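Undergrad: give me coordinates for this.
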Amino acid sequence: MGSEVPPPVTIHITGFKKFHGVAENPTETIVANLGDYMKKKGMPNGMILGSCTILETAGQGALVPLYQTLKTAVAKVDTNSSNSGRVIWVHFGVNSGATRFAIEKQAFNEATFRCPDEMGWKPQKVSIIPADGGLSQKRETSLPVDDITKALAKMGYVVVTSDDAGRFVCNYVYYHSLRFAEQNGIKSLFVHVPLFLTIDEDTQMQFAASLLEVLASIC
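TA: Down below sits the predicted model:
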């Protein structure tokens, strides 16, 4: 008998709306258009594109829709035990000063916002999850970040591995997602992209599609 084919990887996507200093967030465009883009391009073998959700760029304000979508994904896994461990969350966020893509390895248990988020919250040296410990506590993704970065670089993208997702909303959401992923046996990844003025929209859409392809092949 031949080896069994593993169940497909289901990948859920989130992006963010505008925020202070970024009137048009590229991740909102990427996530809003990714479904249609992938239909035209063709879905990678062994992959299902799950939900595509756009979050408010607000720490606490993003948590309700974030956890609703996270829990929905887990509930679908529970109804099909063969898919256990085959769910990945990919969160896209923008770094307005960046000139390249960055695959984020970890998130820190610290919220220190450089400016108020879209709901007016501006925490300073606050633990995201107090029960986890101090501000230096971190959570790392279980995905092979270095391998993902190398695969994307071979495709021609200007991409690096990053150890620091900042302390703003991106890091805040990533920390919650990594914690939820660990508790529920799924995987989470955060990716920072530049503005469209730096890397054009078409290239960024291609990058997002290539990232899904790499994740489907590696995982």
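
Undergrad: which parts of this structure are strands?
TA: In the chain, the strands defined using DSSP state E lie at 9-16, 47-55, 87-94, 101-104, 106-108, 138-140, 159-162, 187-193.

Undergrad: what sits up against the worst-scoring helix or strand of the chain on mean pLDDT?
TA: Ranked by mean pLDDT, DSSP states H and E, the weakest helix or strand in the chain is helix 59-78, scoring a mean of 82. Residues from elsewhere that reach helix 59-78 (CB atoms under 8 Å, 6 or more residues apart in numbering): 10, 12, 14, 16, 50-51, 53, 55-56, 83-84, 86-87, 89, 111, 113, 117-119, 121, 123, 169, 172-173, 176-177, 180, 184, 186. C-beta: built from backbone N, CA, C; applies to glycine.

Undergrad: let's see it at 7 Å
TA: Helix 59-78 has contacts (CB atoms under 7 Å, 6 or more residues apart in numbering) with 12, 50-51, 53, 55-56, 83-84, 87, 89, 111, 117-119, 121, 169, 172-173, 176-177, 180, 184, 186.

Undergrad: out of the residues you listed, which end up buried?
TA: 12, 50-51, 53, 55-56, 83, 87, 89, 111, 117-118, 121, 169, 172-173, 176-177, 180, 184, 186 (16 or more other CB atoms under 10 Å).
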